[in-house]
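> predicted model, plus sequence, below.
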Amino acid sequence: MRICRCEGKGKGSERMARSVAAKKSVKPGKPLYVLDEQVGFILRQVWQRHSSIFSRDIGTNITPTQWAALSKLAETGACSQNQLGRLTAMDVATIKGVIDRLTARGLTETSQDPDDGRRLLVSLTRAGQQLAEKVAPSALAITRETLSPLDAKEREMLMALLNKLR
């Protein structure tokens with residue numbers, strides 16, 4: 001906001017100029033940017049709701065990123081840590097941390113790729129496989145609850161649209 005200083009007019013004139021400038025900057029009607037209408041804000045709120053349901057039903061023993069790694073390994077079998085990161089949409093540092101924590105808990109194990117010594121293969125341990133099988137029904141229920149405000153056609157449409165935005 002610009003303040004006009006009129007020579008020789010004193011502090012009262014300064015206050016008046018400030019008031020006039022403030023009134024001119026206020027525009028009636030809808031603001032240019034409304035946070036509640038922004039896709040990122042809405043997606044974050046939906047993610048917060050989904051995370052809350054996840055924490056309630058799965059607990060705090062396993063995070064959503066850890067579950068993503070476990071479930072993807074259960075789905076695909078052993079793969080390189082780098083490939084697992086790509087399959088679960090995690091960057092190199094994130095997937096490394098996730099695998100380190102899962103390995104420390106005895107849920108995954110790593111080994112050198114016999115075909116390429118530079119590549120680290122990740123696989124589920126027996127305990128990891130058992131946990132993935134145990135948690136899968138709850139994870140499916142979490143998805144159903146997250147989408148429960150929608151009817152079947154809306155759920156299908158939402159998933160198609162979200163996949164299109166990837």
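Everything's here; your move.

> in this structure, where is pLDDT below threshold?
The model of the chain has pLDDT under 70 over residues 1-27.

> so for it, the centremost residue is which one?
residue 47 (6.3 Å; Cα atoms, centre = their mean).

> helix or strand right after the helix or strand containing that one?
Under the criterion DSSP states H and E, the helix or strand holding residue 47 is helix 39-58. Note on helix 39-58: by DSSP H and E, the next helix or strand toward the C-terminus is helix 64-76.

> next one: that next one to chain centre, how far?
16 Å (Cα atoms, centre = their mean, to the nearest Å).

> following it, which helix or strand comes up?
That would be, after helix 64-76 and using DSSP H and E, strand 79-80.

> and the lengthiest strand in the chain, what does it pack onto?
Taking DSSP state E as the criterion, the chain has its longest strand at strand 116-124. For strand 116-124, the packing partners by 3 or more Cβ pairs under 8 Å, 6 or more residues apart in numbering; DSSP states H and E come out as helix 64-76, strand 79-80, helix 81-87, strand 108-113. For the C-beta atoms, the positions are set from N, CA and C on the backbone; glycine is no exception.

> buried sites along it?
By 16 or more other Cβ atoms under 10 Å, the buried positions in strand 116-124 come out as 120, 121, 122, 124.

> what's the answer for stretch 31-50, then?
Within stretch 31-50, the residues scored as buried using 16+ other Cβ under 10 Å are residue 50.

> how about residues contacting that stretch?
If you take Cβ atoms under 8 Å, 6 or more residues apart in numbering as the criterion, stretch 31-50 is touched by 142, 146.

> now swap in stretch 133-142 and tell me
50, 53, 54, 57, 58, 62, 67, 70, 71, 74.

> include distance to residue 162 when you put those residues into a markdown table, please.
Shown next, in a markdown table, are the contacts of stretch 133-142 (distance: Cβ to Cβ, whole Å):
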| residue | distance to residue 162 |
| --- | --- |
| 50 | 12 |
| 53 | 17 |
| 54 | 17 |
| 57 | 21 |
| 58 | 21 |
| 62 | 23 |
| 67 | 18 |
| 70 | 22 |
| 71 | 18 |
| 74 | 23 |
